[in-house]
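> Test case, fold it:
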Amino acid sequence: QEQLVESGGGLVQPGGSLRLACVASGFTLDVYSVGWFRQAPGKEREGVSCISSGIGRPYYVDAAKGRFTISRDDAKSTVYLQMNNLKPEDTAVYYCNAYTEVSGRATSYWGQGTQVTVSS
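Got it, this is the predicted structure:
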């Protein structure tokens with residue numbers, strides 16, 4: 001059964017750090033691009049960062065640039081999101097998504113999410 005499982009969330013003070021992990025099972029992650037998304041209460045889900053398959057090129061939204069780092073270890077079927085200098089506005093449920101498209105057919109998986117709370 002194909003699934004993604006996020007972990008690493010928690011409660012952290014402003015300025016602190018967390019490292020989220022997204023572990024894939026039941027499929028080969030290395031052909032998938034993987035993105036991290038977040039959803040705060042009362043808000044729509046938004047993209048935070050993504051990393052391409054193959055060479056692993058990273059992309060970040062402006063709010064994440066300079067603070068977050070995405071990386072992947074395909075041998076461990078895992079994508080990480082290192083989050084530094086966290087701010088209260090980073091509080092949200094963080095989800096990972098794996099996406100690939102082969103011969104015009106798209107396949108996408110979502111994890112169940114991990115809560116990140118930034119508060120003093």
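
> Could you tell me the end-to-end distance of stretch 96-116?
Terminal residues of stretch 96-116 lie 13 Å apart, using CA to CA, to the nearest Å.

> right, I mislabeled it, should have said stretch 50-68
Using CA to CA, the end-to-end distance of stretch 50-68 comes to 11 Å.

> gap between that stretch and the chain center?
10 Å (CA atoms, centre = their mean, to the nearest Å).

> And for stretch 91-106?
Per CA atoms, centre = their mean, the centroid offset for stretch 91-106 relative to its chain is 10 Å.

> which ones are touching the spatially most central residue of the chain?
Of all residues in the chain, the one closest to the mean position by CA atoms, centre = their mean is residue 36, 2.7 Å from it. Contacts for residue 36 (CB atoms under 8 Å, 6 or more residues apart in numbering) come out as 20, 22, 47-50, 70, 79, 81, 94-97. Every C-beta, even on glycine, is put in place using the N, C-alpha and C of the backbone.

> Could you report the distance from the residue of the chain positioned farthest from its centre to residue 54?
Computed with CA atoms, centre = their mean, the residue of the chain farthest from its C-alpha average is residue 103, at 25.7 Å. Using CB to CB, to the nearest Å, residue 103 is found at 17 Å from residue 54.

> Now the strand ranked longest in the chain: average pLDDT?
Assignment by DSSP state E gives strand 92-102 as the longest strand of the chain. Per-residue pLDDT over strand 92-102 has a mean of 96.

> How about stretch 105-120?
Mean pLDDT, stretch 105-120: 97.

> repeat for stretch 27-43
96.

> Tell me if I'm right that residue 6 and residue 24 touch.
No. In this structure, residue 6 is not within contact of residue 24 by CB atoms under 8 Å, at 10.8 Å.

> ok, back up a step: between the contacts of residue 36, which is closest to residue 113?
residue 95 (4.7 Å; CB to CB).
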